[in-house]
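Q: when you get a sec, could you give me coordinates for this:
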Amino acid sequence: MSDSEEHRPPSWWSTLPGILTGVAALITALAGLFFGLVQLNMQAAPTTATVKSTAAASPAGAAGEGSAPRTAVASAPAAAVHVTDQPQRVGDLEYTVVSASARPDADGMSALEFTVRCFNYGRFDANFWDATFRVAAGPDVFSPTSGLDELVSSGSSKTGVVRFVVPASAWSLTLTFRFPAGDRSIPVSLS
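A: Modelled structure (predicted):
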């Protein structure tokens, strides 16, 4: 061996800073892959899990009430939720109630769920979140408890579930859609 080969400094990758840099790069790559896969799974799950069919859930006698109300059977016995299915549109956003259901909740309350489709006709992404919706029962106004917080891309739609907890004694309600240019409301009745 020559003198120059013996005194040659080790490769930077075999030093402590080089080894730490390599390990950090590997951990970063694996974490990015993991969180990317989790994010893809979270985006795919709500689309398939939240859509409910209302065609099979119509109770007897609902067909004679006309085509305006859309009905879904609530999980509580002898209770159904009647909601107008007409789209509510202001500006670039349109909301349609796809289905609705009600079930008993704790302490004399009812859990009321609306499956809502949001269509964004605008050029920019739009928020699809709980802050858009309110339910009024007489003088009381309730905020959703569902935690819906999505973005709807330009020229596309997304379906989500908006959940409220209201008094079980409330049979006549109003669902309000809050648009930047003004609110729209539709009647909701439980029977």
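
Q: pull the number of nearby residues for the nearest residue to residue 169 once chain neighbours are set aside.
A: Counting by CB to CB, 6 or more residues apart in numbering, residue 108 is the residue found nearest to residue 169 once chain neighbours are left out, at 7.4 Å. For the C-beta atoms, the positions are set from N, CA and C on the backbone; glycine is no exception. By other CB atoms under 10 Å, 9 other residues sit near residue 108.

Q: so which helix or strand of this protein has the lowest pLDDT on average?
A: Across the helices and strands of the chain, mean confidence by mean pLDDT, DSSP states H and E is lowest for strand 69-73: a mean of 36.

Q: quick check: which element contains residue 96?
A: strand 93-104 (DSSP states H and E).

Q: and for residue 31?
A: Element membership for residue 31 (DSSP H and E) is helix 16-49.

Q: against which helices or strands is that helix packed?
A: In terms of contacts (3 or more CB pairs under 8 Å, 6 or more residues apart in numbering; DSSP states H and E), helix 16-49 is packed against strand 156-167.

Q: residue contacts, residue 137?
A: Contacts for residue 137 (CB atoms under 8 Å, 6 or more residues apart in numbering) come out as 166, 167, 170, 172, 173.

Q: ok, now residue 140?
A: Contacts of residue 140 by CB under 8 Å, 6+ apart are residue 167.

Q: of the contacts of residue 137, closest to residue 23?
A: Taking CB to CB as the measure, residue 23 lies nearest residue 166 of the contacts of residue 137, at 53.9 Å.

Q: count of neighbours near the closest one?
A: Neighbours around residue 166, by other CB under 10 Å: 20.

Q: surely it is in contact with residue 173?
A: Yes - assessed by CB atoms under 8 Å, residue 166 is found in contact with residue 173 at 6.7 Å.

Q: what residues do these two have in common as contacts?
A: Counting by CB under 8 Å, 6+ apart, the shared contacts of residue 166 and residue 173 are 112, 135, 137.

Q: just give me the neighbour total for the first one.
A: For residue 112, the tally of surrounding residues (other CB under 10 Å) stands at 27.

Q: tell me the contacts of it?
A: If you count contacts by CB under 8 Å, 6+ apart, then residue 112 has 81, 100, 101, 102, 135, 163, 164, 165, 166, 173, 188 around it.

Q: how about those in a markdown table, adding distance to residue 37?
A: Formatted as a markdown table, the contacts of residue 112 follow (distance: CB to CB, whole Å):
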| residue | distance to residue 37 |
| --- | --- |
| 81 | 37 |
| 100 | 34 |
| 101 | 32 |
| 102 | 36 |
| 135 | 37 |
| 163 | 28 |
| 164 | 33 |
| 165 | 34 |
| 166 | 38 |
| 173 | 41 |
| 188 | 39 |
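
Q: so residue 129 touches residue 150, yeah?
A: Yes - using CB under 8 Å, residue 129 is in contact with residue 150, at 6.7 Å.
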